[in-house]
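> Below are the sequence and a predicted model; questions follow.
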Amino acid sequence: MSEIVWPDLPAVQQPVWPDEAALSAALAELRVLPPLVFAGECDLLTERLGQAARGEAFVLTGGDCAETFAANTADSIRARLKTVLQMSVVLTYAASLPVVKLGRVAGQYFKPRSKSIEVRDGVELTSYLGDAVNAIEFDAAGRVPDPARLVKAYHASGAALNLIRAFTQGGYADLRQVHAWNQDFVRESVAGQRYERMAADIDRALSFMQACGADPEEFTRVEFYAAHEALSLDYERALTRTDSRTGLPYDVSGHFLWIGERTRQLGGAHLHFASTIRNPIGMKVGPTASPDEVLEAVEILNPDRVPGRLSLITRMGAGKVREVLPSIVQKVEASGHPVLWICDPMHGNTFEAGSGHKTRSFDDVVGEVEGFFEVHRQLGTVPGGIHVELTGDDVTECVGGSTGLAEHHLGERYETACDPRLNREQSLELAFLVADMLLAR
Ligand code: PEP
Ligand code: CO
């Protein structure tokens, strides 16, 4: 197997590992561990994303802002999967469109930070950089970047992916389970009840089909792909392998990798890394991006103009999306590049509540998706998907939604390791709203 030689380019947001020998040992271990995903799966996902770019499917990406080792449990993974499956059924049924399902899961263990140092009561420590790098607790020893955590993140990702493969291929994701996914706290909510009525319709349709003798295989399994931010070049490079079938390099740490808003510098190591691997990739685009620089990145990331290869995940903020998105979409579309446009309505809408909690308002999240659909409708381009931070639990991290979660509720169950996530009710409610937007697109 030929080793890929990586050029020495500027790389921002990389941890400073104090123990170089430990880093070398961890990377050597990662380089020989088995792949978590296969090249063929990545290629199939590229094909699916190509369909979404043409408006023949819709992409739903959902999961934690930051996964943690502590929450890498069967219950937590099942709850997140259930949320995505429920949302996906809502979108598929309401809009009659296939939904390509991706989780921010099985690898989302690295976080870029706006401040590299965190200060509490005069004590300065390295900021929390994700469980694959250091500990979330504000503790001097735990905050030192520890390369052994890279190996732990690989194993945690493998375990999560194994369970997800079992759930999605082994019967849990069977459409006849459509009611079972709704059985807990969410059932009594407004969105949960609306879902229940829709599930009853689906049940009737399935029984009818079965009575007619049709029982397609497609109803018993779902395709579910793992996505995370390609932030740590140490980790991602160690897991980049030359595929024996095609001779091409794939990052086998996940199916879909994206470059974040903070690491998308032209000429930087992250863009170069993403341009090298054959996986489908994404790039976040925030409100300060210029149309020219976005187009330049698009040329670097997808020179062969492969449909589905590149998603631009726009995260402008509800108040800015209508103003800043059009010129970027126009510039890229005029070039003829087959880009998949995805809306991340989370990262441009974060604010600090009076209680000090980092939060987001459900109305802003909906508002940005509305703006995204509006811009694409006006330009005649395709709004191809959404990318949200969510969890399957009854957390209180984002305000708003039909249960009227208010700022004074935030302290009740605020559990995120990084950004505030939609809880399951809010996620389901969002799915119904997006389904309506899809019908009108
Ligand atoms: C994220 O997706 O968690 C993230 C950090 O997003 P962005 O790069 O868009 O800020
Ligand atoms: Co986030």
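Okay, I see it. Numbers count the residues shown, from 1 in each chain. Ligands and ions are numbered 1, 2, ... in the order given.
> Flag every buried residue along stretch 234-242.
Buried positions in stretch 234-242, judged by neighbour count with 16 or more other C-beta atoms under 10 Å: 234-241. No exception for glycine: its C-beta is placed from N, CA and C like everyone else's.
> would you turn these into CSV with pLDDT, distance to ligand 1 and secondary structure?
What follows is these, written out as CSV (pLDDT from 0 to 100; distance: C-beta to the nearest ligand atom, whole Å; DSSP: H, G, I helix; E, B strand; the rest coil):
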residue, pLDDT, distance to ligand 1, secondary structure
Asp234, 98, 18, helix
Tyr235, 98, 16, helix
Glu236, 98, 15, helix
Arg237, 98, 20, helix
Ala238, 98, 22, helix
Leu239, 98, 20, coil
Thr240, 98, 21, strand
Arg241, 96, 25, strand
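> Present these as a markdown table; the columns should include distance to ligand 2.
Putting the buried residues of stretch 234-242 into a markdown table (distance: C-beta to the ion, whole Å) gives the following:
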| residue | distance to ligand 2 |
| --- | --- |
| Asp234 | 21 |
| Tyr235 | 18 |
| Glu236 | 18 |
| Arg237 | 23 |
| Ala238 | 24 |
| Leu239 | 22 |
| Thr240 | 24 |
| Arg241 | 28 |
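> of all those residues, which comes closest to Leu379?
Set against Leu379, the nearest of the buried residues of stretch 234-242 by C-beta to C-beta is Glu236 (33.6 Å).
> Look up how far Ile4 lies from that closest one.
As judged by C-beta to C-beta, to the nearest Å, Glu236 and Ile4 stand 11 Å apart.
> repeat for Arg241
Here the distance between Arg241 and Ile4 works out to 9 Å (C-beta to C-beta).
> Overlap of the contact sets of these two?
Residues touching both Arg241 and Ile4 comprise Pro249, with contact defined as C-beta atoms under 8 Å, 6 or more residues apart in numbering.
> And for the helix or strand of the chain at the bottom of the mean pLDDT ranking, what's in contact with it?
When the helices and strands of the chain are scored by mean pLDDT, DSSP states H and E, helix 190-211 comes last with a mean of 93. Judged by C-beta under 8 Å, 6+ apart, the contacts made with helix 190-211 from elsewhere in the structure are 86, 89-90, 93-94, 175-176, 178-179, 182, 186-187, 215, 219, 402-403, 425, 428-429, 431-432.
> So among those residues, which ones count as buried?
Once neighbours are counted (16+ other C-beta under 10 Å), the buried part of the contacts of helix 190-211 comes down to 86, 89-90, 93-94, 175, 178, 182, 186, 219, 403, 425, 428-429, 431-432.
> Any part of stretch 302-318 near ligand 2?
No: judged by C-beta under 5 Å from the ion, stretch 302-318 and ligand 2 are separated, with a smallest distance of 9.5 Å.
> what's near enough to touch the residue in the chain that ligand 1 sits nearest to?
Distances between the chain and ligand 1 by C-beta to the nearest ligand atom are smallest at Gly260, namely 3.0 Å. Listed by C-beta under 8 Å, 6+ apart, the contact set of Gly260 reads 13, 112, 229, 231, 270, 284.
> Quick check: which element contains Thr246?
For Thr246, there is no host helix or strand (DSSP states H and E).
> Do I have it right that it meets Ala39?
Yes: in this structure, Thr246 is within contact of Ala39 by C-beta atoms under 8 Å, at 6.6 Å.
> Take the buried residues of stretch 234-242 and lay them out in CSV including distance to Asp121.
Converted to CSV, the buried residues of stretch 234-242 look like this (distance: C-beta to C-beta, whole Å):
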residue, distance to Asp121
Asp234, 32
Tyr235, 32
Glu236, 36
Arg237, 38
Ala238, 37
Leu239, 39
Thr240, 42
Arg241, 46
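> Return the subset of the contacts of helix 190-211 lying in helices.
Secondary structure from DSSP state H places 86, 89-90, 93-94, 425, 428-429, 431-432 of the contacts of helix 190-211 in helices.
> Widest-spaced pair of those residues?
Across the ones in helices among the contacts of helix 190-211, no pair lies farther apart than Tyr93 and Glu425, at 18.5 Å, counting by C-beta to C-beta.
> For Met1, give me the pLDDT.
According to the model's per-residue confidence, Met1 sits at a pLDDT of 48.
> Give the helix, strand or coil label for the residue in the stretch 251-400 of the chain that ligand 2 sits nearest to.
Ranked by C-beta to the ion, the top residue of the stretch 251-400 of the chain for proximity to ligand 2 is Glu389, at 5.4 Å. Using DSSP: H, G, I helix; E, B strand; the rest coil, the three-state assignment for Glu389 comes out as strand.
> Can you get me a residue count around it?
Applying the criterion other C-beta atoms under 10 Å, we find 27 residues in the vicinity of Glu389.
> Would you confirm that it contacts Gln426?
No: Glu389 sits out of contact with Gln426 when judged by C-beta under 8 Å, with a separation of 10.8 Å.
> surely Lys152 meets Asn134?
No: in terms of C-beta under 8 Å, Lys152 does not count as a neighbour of Asn134; the distance is 11.8 Å.
> secondary structure element for the closest residue to Arg264 other than its chain neighbours?
Here the nearest residue to Arg264 in space, its sequence neighbours aside, is Met283; by C-beta to C-beta, 6 or more residues apart in numbering that works out to 5.4 Å. Secondary-structure assignment from DSSP H and E places Met283 in strand 281-285.
> Neighbouring strands of that strand in the sheet, and parallel or not?
Sheet pairing of strand 281-285 (DSSP bridges) gives strand 256-259 (parallel), strand 310-314 (parallel).
> Provide the contact partners of the last one at residue level.
Spelled out, it's strand 310-314. Around strand 310-314, the neighbours that count as contacts under C-beta under 8 Å, 6+ apart are 49, 59, 258, 280-285, 294, 298, 301-302, 321, 325, 328, 332, 337, 339-344, 372, 384-385, 387.
> how close does the nearest residue to Ala238 once chain neighbours are set aside get to Val133?
Across the structure, with C-beta to C-beta, 6+ apart as the measure, the residue nearest Ala238 apart from its sequence neighbours is Leu30 (3.9 Å). Using C-beta to C-beta, one obtains 14 Å as the distance from Leu30 to Val133.
> Compare neighbour counts for these two and give me the winner.
When neighbours are counted by other C-beta under 10 Å, Leu30 and Val133 differ, and Val133 comes out ahead with 27 against 20.
> Could you pull up the residues touching that one?
For Val133, the residues meeting the contact criterion (C-beta under 8 Å, 6+ apart) are 15, 109-110, 145-146, 149-150, 232.
> so is it in a helix, a strand, or just coil?
Secondary structure assignment for Val133 (three-state DSSP): coil.
> all numbers from here: first residue = 11
OK, 11 is where the count begins now, so the last one is Val143.
> right, and Pro393 touches Pro355 too?
No: the pair formed by Pro393 and Pro355 falls short of the contact definition of C-beta under 8 Å, at 11.7 Å.
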